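Chemist: From the sequence below, what's the structure:
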Amino acid sequence: MKCWGNVIVKRRNLLVTTTLAGALAFSSLMPSAFAHDALEGIGNKVGEAFTPEEIEEMQLGYTSEGSKNVRFLSEVASKQIEPINGSQKNMADVYAHKGFAYTGTHTAGGGNGGVRVFDLSNPSDPQEVAVFANEIPHTWQEKVIVKSVNTPHFRGDLAVVSVQQTSRNNANRPDSVGGVLLYDVSDPYNPERLGFYPLDRRVTGTHELYLTTQGNRPLLLTSNPYADYYTHGTERDFQIIDVSDPTNPEKIWEWDARDLEEVPENWNGYNWTDPNDRPRAVFNHSVITDNNGHYAYVSMWDLGTVIFDIRNPEEPVYLGRTSYEPHVKGAAHSAALAKGGNILIETREVANPVGEGFESAYGYTRIYDIKDKTNPVLLSQFTTDLTYDVPNPPVSTFAKTVHDPKVQGNTLYLSYYSGGVISVDITDPTNPVQIGQYTPERGNTWGVFVDRNYVLGSDMNSGLKVLLKNNAGGNGNTPTP
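Modeler: Predicted structure coming up:
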């Protein structure tokens, strides 16, 4: 093992892997570890939701003073989202398309904050120009993806929006249901609803999703955490939906870990105990594809990032997955690709830094060589000062873990909750080097997205951040060295 500052690199011949071989003993326990995004499980009864106050306490346990101008990143705009009916909502993920930013919303103020559209024609003064996808009662809209599509049924800019119930399967909320809303945003000032893909109400909903195209065929890929568990296999965690006709989405394939040969058919659909008697959880948290829509990368928590060949989306082929050393918590949260799809960036969202037999660390980033997609090889790990900043006694908090990755060229951008946005040089993926960091005051940065010469950050406390890369044409402020 070699170290460069806060970067740990494990060479190929030193890598120790674990598998889901038949030796695994599966547990009959109820789900024991959930992503915070699903609002269920940790410290609560199964099926109960965290309150917004509980979420805020976990995410804002640590704050920082903030720095608006740091090496290679400088703030040119900060814009809070508008209240709805006097209720201030909080921002979730961020996406950009054709000069407009689309931001999801989380659960503050009871949810139903919808997707916010910002006109970025003047990046130093983004203007919120529309709200959409907030019509289903008692839901929240975390993620939105926008693509231009051209099919016999629809031609224009299609937005897909994740919808999750704030209280799963609540008998007092019969009109609440999770799934995916589909909107025409060809005119971003006037989004028009096209369709809705609903899930069984026993499922919280669709958390993260992705929209890709194979030629002129648009495909929606969904992550529906615990769908397989809660519906006993009626719905699956990973689904592929043909949205050639956005008014009539058609599911064409679905999958869950029970479909792997090494998983016994009678397992409980959620968790197992590994060969070292440590609890492991499996659920689909996120999914992306390469630019051509040929391969899907599914973040299956402790199962790692699972890779599928989806060139025939009706019959995808399982290729391989990432894995972890026995002392490492899995928690594969989300992914990004680099180097023409030969490098996989995997962020691990670990809020609880303790556990018998596990390392004492919050979540960090792992970088894999996936030229052979049947055998991902760990090249390096990227940590920050937050990773091993574990107090005594330890505190469970999302504030110190990495969240989402995005890549442009040889630069990796990470959203890092209280750490803000961190930029990393991955020219040599065996030696990632931090080159910049932007941390807003009381930072709680959820998402990051690269748009032209700008980096967009979505902060749950203070809204949309527009950051200038490399201080090109900056605002006159001198970056710190």
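Chemist: Across the sheet, point out what pairs with Glu192.
Modeler: When bridges are called by DSSP bridges, Glu192 pairs up with Asp184.
Chemist: Also Pro218?
Modeler: Beta-bridge partners of Pro218, as defined by DSSP bridges: Thr213.
Chemist: Grab the most central residue of this protein for me.
Modeler: Centroid-nearest residue in the chain, with CA atoms, centre = their mean: Ser334, separated by 4.6 Å.
Chemist: excluding its backbone neighbours, what's nearest it?
Modeler: Nearest residue to Ser334, sequence neighbours excluded (CB to CB, 6 or more residues apart in numbering): Ser286, at 4.1 Å. Glycine gets a C-beta too; all of them are placed from N, C-alpha and C.
Chemist: Count the residues that sit near that neighbour.
Modeler: If you count neighbours by other CB atoms under 10 Å, Ser286 ends up with 27.
Chemist: Pull the contacting residues for it.
Modeler: 207-208, 223, 298-299, 333-335 (CB atoms under 8 Å, 6 or more residues apart in numbering).
Chemist: Most neighbours out of those residues, which is it?
Modeler: Busiest of the contacts of Ser286 [other CB under 10 Å] is Ser299, holding 29 neighbours.
Chemist: How much space separates it from Val203?
Modeler: Separation of Ser299 from Val203 (CB to CB, to the nearest Å): 17 Å.
Chemist: rewinding a little: what's the residue nearest to the centre of the chain in contact with, if anything?
Modeler: 208, 285-286, 288, 299, 346-347, 403-405.
Chemist: Just these: which are in strands?
Modeler: Counting by DSSP state E, the contacts of Ser334 place 286, 288, 299, 346-347, 405 in strands.
Chemist: Buried residues of the top strand by length along the chain, list them for me.
Modeler: When the chain is parsed with DSSP E, its longest strand is strand 155-165. Within strand 155-165, the residues that qualify as buried are 157-165, counting by 16 or more other CB atoms under 10 Å.
Chemist: so where do the helices sit in the stretch 301-450 of the chain?
Modeler: In the stretch 301-450 of the chain, no helices are found when defined by DSSP state H, counting those that start in this stretch.
Chemist: could you pull out the strands for the stretch 151-300 of the chain?
Modeler: Secondary structure of the stretch 151-300 of the chain, counting by DSSP state E, counting those that start in this stretch: strands at 155-165, 179-184, 192-198, 209-214, 217-223, 238-242, 250-255, 271-273, 279-281, 286-289, 295-299.
Chemist: angle of the first one against strand 179-184?
Modeler: Our comparison of strand 155-165 with strand 179-184, counting by axes from the mean of the first three to the mean of the last three CA atoms, to 10 degrees, yields an angle of 150 degrees.
Chemist: before we move on, the earlier item: mind checking the pLDDT average for the longest strand of the chain?
Modeler: For strand 155-165, mean pLDDT rounds to 98.
Chemist: same check, this time on stretch 383-391
Modeler: Computed over stretch 383-391, the average pLDDT equals 96.
Chemist: how far is it from where the chain is centred?
Modeler: Remark: stretch 383-391 is offset 21 Å from the chain centroid, using CA atoms, centre = their mean, to the nearest Å.
Chemist: And stretch 413-430, by the same measure?
Modeler: Worked out by CA atoms, centre = their mean, stretch 413-430 lies 15 Å from the chain centre.
Chemist: and that stretch, average pLDDT?
Modeler: Here stretch 413-430 scores 96 as its mean pLDDT.
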